[in-house]
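Undergrad: Build me a structure from this.
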Amino acid sequence: MSNAQTEQLKKFVFSSKRTVHGESLEEKLEIIIPELLQASYSFYTWPSAPVLAWFVWENRQEFYGKKVLELGSGTALPGIVAAKCGAQVTLTESSTLPKSLAHTKRSCQVNNLAVDKHVRVIGLSWGLFSNNLDSLGPVDYILGSDCFFEPATFEDILVTISYLLDTNPNAKFFCTYQERSSDWSIEHPLLKWDLECIVHNINNLGSSVGLNIHDLIGGHSVHLLEISRKS
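TA: Have a look, this model is predicted:
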């Protein structure tokens, strides 16, 4: 559970500029993420999360009013951005990790998002067909930040995605992952579960306001994927 002695707050600022009738207008969104740096992985904002959050921010018109599900939310930066941009968001963490679920709720609280009013937070374990999975309802977009961190879980994630895309044929799964080994690949489970993948270029994210996205991820290699049912 988060507490004042160990919690650190990290600010993320998203902005954009556009010209309307010759006048330059700027939109800005600030998100505060609580972190417990000496706790397990779900209490820290990994480099993949800001990349996915910037993608959501720059495509916020597409997410507005849509039903968005975030898998493995952790500190929930992308899902919180989606909620702040007008999406109907459900955040999920493993059903077996109650402290991680509590921390996801804490991230919502810090950003003035009331659980069960502005967002839903539920337990969901990849690869398990639980009542929570059936109770999600319609989904337009699925988000996942750094879900592919351990090869042993790759198929569990894609089994869950396959099920969600079966029940929501027009949905898309946008995910970012940090490349940790060139030997790791999701190609086989994608083929097995009849899924296809598009790799998006992240280099221009934030460029309109002078952001170099690589400054957010340091020397890590982060990729943005769009996974959908094979056409």
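Undergrad: Now for the spatially closest residue to residue 10 that is not a sequence neighbour, how many residues are close by?
TA: Nearest in space to residue 10, with sequence neighbours left out and distances taken as C-beta to C-beta, 6 or more residues apart in numbering, is residue 33 at 4.9 Å. For every residue, glycine as well, the C-beta is placed using N, CA and C. For residue 33, the neighbour count with other C-beta atoms under 10 Å is 23.
Undergrad: all strands for this structure, in order.
TA: 8-20, 23-35, 67-71, 88-93, 119-123, 141-145, 172-178, 195-200, 222-229 (DSSP state E).
Undergrad: Where does the prediction get shaky in the chain?
TA: Filtered on pLDDT under 70, the chain yields the residue ranges 1-5, 39.
Undergrad: ok, residue 28 - contacts?
TA: Counting by C-beta atoms under 8 Å, 6 or more residues apart in numbering, residue 28 makes contact with 13-15.
Undergrad: can you put those residues in JSON lines and add distance to residue 88 and neighbour count?
TA: Listed next are the contacts of residue 28 as JSON lines, based on distance: C-beta to C-beta, whole Å; neighbours: other C-beta atoms under 10 Å:
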{"residue": "13", "distance to residue 88": "24", "neighbour count": "10"}
{"residue": "14", "distance to residue 88": "19", "neighbour count": "22"}
{"residue": "15", "distance to residue 88": "24", "neighbour count": "15"}
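Undergrad: Going by distance to residue 25, which of those wins?
TA: residue 15 (10.9 Å; C-beta to C-beta).
Undergrad: List the beta-bridge partners for the closest one.
TA: Residue 15 has these beta-bridge partners by DSSP bridges: residue 28.
Undergrad: Tell me how far the longest helix along the chain lies from the chain's centre.
TA: Criterion DSSP state H: the longest helix present in the chain is helix 151-167. With C-alpha atoms, centre = their mean, to the nearest Å as the basis, helix 151-167 stands 15 Å off its chain's centre.
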